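Chemist: here you go, sequence then predicted model.
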Amino acid sequence: MYKFERFKYPDFKVYSSEQRGTGRLVVPHYHDSAEVILLKEGSAEIGINTKHIELKSGDIVFIPPYCVHSLTGEAAETIGIVYGLSLITQDVSSRSVEEVLCRDRITDFVIDESVGCYFALRKAVTEGREIYLAEGPAYKLNMLASLLEITAILAENYLTEEEETEREERLRPVFRYIEQNYAQNIPISVLSRMINVCDDHFIRLFKAATNKSPVKYINDFRIGEAMKLLINTDLTVAEIAYKTGFSDQSYMTRCFKAALKITPIGYRRSVIGGQ
């Protein structure tokens, strides 16, 4: 099962790890928590849903909850912190942290030295890792303080780059509808009527907010769900295509290959081979 979370305490959802080496460092998996990864040395490629991103030494990656991700490296050394956003109870700009740092909003996963918050975030992640390893008498309190700092930096960064706008607020029910109904046929007209605009205007609004057409966004969402089923179940590709809303196995395979440069069967075999 690749929904993994190795929390020290079931009631305190925090886990930190270190990876070193060349080749596959992390097999595809997902969790319902957020993750921050710092590439301390070497180079790497991270896969997040349908994206594959080249990383250089020093880069920081933020992975929202429910994103399938994997990592391969070249003489790489990483540290990561996985934590449940539910630990952060304070709202951000009248919205919960889960709403601000969710997969629907985040499109730029990498924070490098060109980003204003980079050095503060690197320091916070490094200190959080040290607190996790030391586990002193006030471990939970110190760790929570560190997570608050990391989350505040991330929230400020993403709200600065993509501030709450009327457009985003209008599209929120659309994102929710897609998440709940991706296994069904979703006509553009259904989505456009939800915000009372014509189809053409809806497509322009949606693309401005997500950098994707509605069809590509929905298909990428379906691919993410298909990836989870491929690595967590023995369902056939045809059954997975049906469960994730693709019209048939052939269409799912075409979309999957276009996004990930590999077929669903090839993806499944690559994960099994990396166990």
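Modeler: All right, it came through fine.
Chemist: so what touches the helix or strand that contains K216?
Modeler: For K216, the element it lies in under DSSP states H and E is helix 214-232. Helix 214-232 has contacts (C-beta atoms under 8 Å, 6 or more residues apart in numbering) with 1-3, 28-30, 49-50, 66-68, 178-179, 182, 186, 188, 191, 202-203, 206-207, 210, 212, 235, 237, 240-241, 243-246, 252, 255-256, 259-260, 264, 267-268, 271. Any C-beta I mention is one placed from the backbone N, CA and C, and that applies to glycine too.
Chemist: swap in stretch 115-132?
Modeler: With C-beta under 8 Å, 6+ apart, stretch 115-132 has contacts from 14, 16, 18, 36, 38, 58, 60, 79, 81, 111-113, 139, 142-143, 146-147, 149-150, 153-154, 156-157, 160.
Chemist: how close does V27 get to T72?
Modeler: Relative to T72, V27 is positioned 10 Å away (C-beta to C-beta, to the nearest Å).
Chemist: sorry, wrong one. I was asking about E41.
Modeler: Note on E41: its distance to T72, by C-beta to C-beta, is 15 Å.
Chemist: so where do the strands sit in the stretch 101-250 of the chain?
Modeler: Assigned by DSSP state E, counting those that start in this stretch, the strands in the stretch 101-250 of the chain fall at 110-111.
Chemist: give the buried residues for stretch 214-227.
Modeler: 214, 216-227 (16 or more other C-beta atoms under 10 Å).
Chemist: just how off-centre is that stretch within its chain?
Modeler: 13 Å (C-alpha atoms, centre = their mean, to the nearest Å).
Chemist: and if you look at stretch 40-58?
Modeler: Taking C-alpha atoms, centre = their mean, one finds the center of stretch 40-58 at 13 Å from the center of the full chain.
Chemist: and the contacts of stretch 115-132, which are buried?
Modeler: 14, 16, 36, 38, 60, 79, 81, 111, 139, 142-143, 146-147, 149-150, 153-154, 156-157.
Chemist: show me where the stretch 51-200 of the chain has helices.
Modeler: 97-100, 118-134, 139-161, 166-181, 188-194, 199-210 (DSSP state H, counting those that start in this stretch).
Chemist: of all those, which one is nearest E54?
Modeler: Of all those, helix 118-134 sits nearest to E54, with 17.3 Å by C-beta to C-beta.
Chemist: in that closest one, what's buried?
Modeler: Here helix 118-134 shows Y118, L121, R122, A124, V125, G128, R129, I131, Y132 as buried, counting by 16+ other C-beta under 10 Å.
Chemist: check which helices and strands whichever strand or helix holds H29 sits against.
Modeler: Secondary structure assignment for H29, by DSSP H and E: strand 14-29. Packing partners of strand 14-29 (3 or more C-beta pairs under 8 Å, 6 or more residues apart in numbering; DSSP states H and E): strand 34-48, strand 69-83, helix 118-134, helix 214-232, helix 264-273.
Chemist: could you give the angle of that strand to helix 139-161?
Modeler: Angle of strand 14-29 versus helix 139-161, following axes from the mean of the first three to the mean of the last three C-alpha atoms, to 10 degrees, is 60 degrees.
Chemist: hmm, Q184 is touching G245, no?
Modeler: Yes - at 6.1 Å, Q184 and G245 qualify as touching, with contact defined as C-beta atoms under 8 Å.
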